[in-house]
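> Build me a model from this:
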Amino acid sequence: MDDTRRVVILGKTGAGKSSLANTILGEKPFEVDDTSNSGTRECRAETRSVNGRNITLIDTPGFFNTERSEEELNHEIVRCITECAPGPHAFLIVLKVDKFTKQEQDVINKIHQYFSEEVFKYATVVFTYGDQLKGQTIEEFVHQNKSLSDLVKKCGGRCHVIDNEYWKDNPKDEYRSNKYQVEKILNTIDEITKANKGRCYTNEMLQVVQEIIEQKKTHIRKSSGNMSEEEITRQAKDRAFKEIWIRLAGVGTGALLGALFGVIVMVEVVVLALRKAEVARAAVVVSAAVGAAVGGYTGYHAAEEADTPWEAVKMAKAAVKRGVKRLHESIMDS
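Numbering: from 1, shown residues only. Modelled structure (predicted):
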């Protein structure tokens, strides 16, 4: 039985997600960019044993504020979906200890927009740049702002703080020690898992993705020779990612994020696309999501012969445009 805890790290560009991942793991497998640009360009997962626990950290690009194109962002959302299937055991929502600006409020607004209430049962807020607290506790800092306070309440009151630069080694002040704070974060992940009876967060979309991965693993095992189970899983996820990415070509960023985080309508839309449902059935789900559902179905069939995901996107775009136009025309004529 695999007892590895899958943890997805989320936050805006520059919040310190990759540095947090490195601090938790006690080494530096994740690249850190100290410029204003996003250091994480691709979703990436690393598994290590930390303080007696097997943990997989999934580092993500800035899903909630980025200058990247929708195609690039969707590419990484699908990668995240593939890496964390059948679902994460915890989400770490990363924010900076800093002046609360419109940018921070926008991030929180998007978190509320894309997350279902169920996800918050698996989430905790982790603040970075803890040295900016200037003698406060993180709880005192949170209580100064209603939006922050509301977010932490949604996460069951769970919040932590680290400082990747100044709290590396501070034996005189336990609170301002990353070693102490990382153990608290790991304990919280244990508590979340226990409270959810060992179950990971999942939904129908993540379960369908896991089915695809398992199919790939079965095929690989038949001709794997002496390949390790770890390598089989890695190859299966890579193959599944390409297939899923092609199937979901044309589905919008909002639909993908909503499906990942459990917004019921968007889960249904993406599952329809994954299962190649008919356009007419997809249109029944919800009129506001017609474009995304049609895109998933039409885009998949248009892109089946594509050699690469990027070629699939180009082929799907034209087909999606034609498909949506025909659907609208049929609705107007009915």
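> In three-state terms, label the closest residue to Lys217 other than its chain neighbours for me.
Spatial nearest neighbour of Lys217, excluding adjacent residues (Cβ to Cβ, 6 or more residues apart in numbering): Ala236 at 4.2 Å. Yep, even glycine has a C-beta here, placed from its N, CA and C like the rest. In the three-state summary, Ala236 is assigned as helix, counting by DSSP: H, G, I helix; E, B strand; the rest coil.
> And the strands in the stretch 201-334 of the chain?
Taking DSSP state E, counting those that start in this stretch as the criterion, the stretch 201-334 of the chain carries no strands.
> Show me the shaky parts of it.
Within the stretch 201-334 of the chain, the ranges that satisfy pLDDT under 70 run 276-334.
> Please repeat the previous calculation with a cut-off of 80.
Scanning the stretch 201-334 of the chain for pLDDT under 80 picks out the ranges 224-225, 276-334.
> The residue nearest to Lys217 contacts Arg221, doesn't it?
No - using Cβ atoms under 8 Å, Ala236 makes no contact with Arg221, being 9.2 Å away.
> where does the stretch 51-200 of the chain have low pLDDT?
In the stretch 51-200 of the chain (pLDDT under 80), the answer is 65-68, 169-172.
> give me that answer again for 90
Residues of the stretch 51-200 of the chain meeting the criterion pLDDT under 90: 61-73, 99-104, 134-135, 164-166, 168-174.
> list the contacts for the residue lying closest to Ser224 once chain neighbours are set aside?
Excluding the flanking residues, the one nearest Ser224 by Cβ to Cβ, 6+ apart is Ile232, at 5.8 Å. By Cβ atoms under 8 Å, 6 or more residues apart in numbering, the contact set of Ile232 is 217, 220-221, 224.
> Quick one: mark the members of these that sit in helices.
217, 220-221 (DSSP state H).
> Now Thr13. Its backbone dihedrals?
Per-residue torsions, Thr13: phi -60, psi 130 (degrees, to the nearest 10).
> What is the neighbour count of it?
21 (other Cβ atoms under 10 Å).
> Centre of the chain to stretch 226-234, how far?
Here stretch 226-234 is found 24 Å from its chain centre; the criterion is Cα atoms, centre = their mean, to the nearest Å.
> So for it, what gets flagged as buried?
Across stretch 226-234, burial judged by 16 or more other Cβ atoms under 10 Å covers 232-233.
> ok, back up a step: now the ones in helices among the contacts of Ile232 in TSV, please, with extra columns for neighbour count and distance to Leu95.
Listed next are those as TSV, based on neighbours: other Cβ atoms under 10 Å; distance: Cβ to Cβ, whole Å:
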residue	neighbour count	distance to Leu95
Lys217	18	37
Ile220	17	40
Arg221	13	42
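> Could you export these as TSV, including distance to Lys197?
Formatted as TSV, those follow (distance: Cβ to Cβ, whole Å):
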residue	distance to Lys197
Lys217	26
Ile220	32
Arg221	30
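> Of these, which is the nearest to Gly87?
Nearest to Gly87 among the ones in helices among the contacts of Ile232: Lys217, at 17.2 Å, using Cβ to Cβ.
> ok, the closest one touching Arg234?
No - counting by Cβ under 8 Å, Lys217 does not reach Arg234; the two are 10.2 Å apart.
> The stretch 51-200 of the chain: helices as residue ranges?
Applying DSSP state H, counting those that start in this stretch to the stretch 51-200 of the chain gives helices spanning 70-84, 102-114, 138-143, 146-154, 178-195.
> Compare these and report which one is nearest to Ala21.
Ranking those by their distance to Ala21 (criterion: Cβ to Cβ) puts helix 178-195 first, at 11.0 Å.
> re the thing from before, just name the most buried of the helices of the stretch 51-200 of the chain.
Most buried of the helices of the stretch 51-200 of the chain, by mean neighbour count (mean count of other Cβ atoms under 10 Å): helix 70-84, with a mean of 21.
> any residues touching it, and which ones?
With Cβ under 8 Å, 6+ apart as the test, helix 70-84 has contacts from 6, 8, 42-43, 45, 58, 60-61, 63, 66, 205-206, 209, 213, 237, 240-241, 244-245, 248, 251-253, 256-257, 259-260, 309-310, 313.
> Looking at those residues, which are in helices?
Judged by DSSP H, the contacts of helix 70-84 include 205-206, 209, 213, 237, 240-241, 244-245, 253, 256-257, 259-260, 309-310, 313 as members of helices.
> filter the residues you listed to the buried ones?
By 16+ other Cβ under 10 Å, the ones in helices among the contacts of helix 70-84 give 205-206, 209, 213, 237, 240-241, 244-245, 253, 256-257, 259-260, 309, 313 as buried.
> Looking at those, spot the one nearest His89.
His89 lies nearest to Leu206 out of these, by Cβ to Cβ, at 12.4 Å.
> give the contact list for that closest one.
Listed by Cβ under 8 Å, 6+ apart, the contact partners of Leu206 are 81, 84-87, 260.
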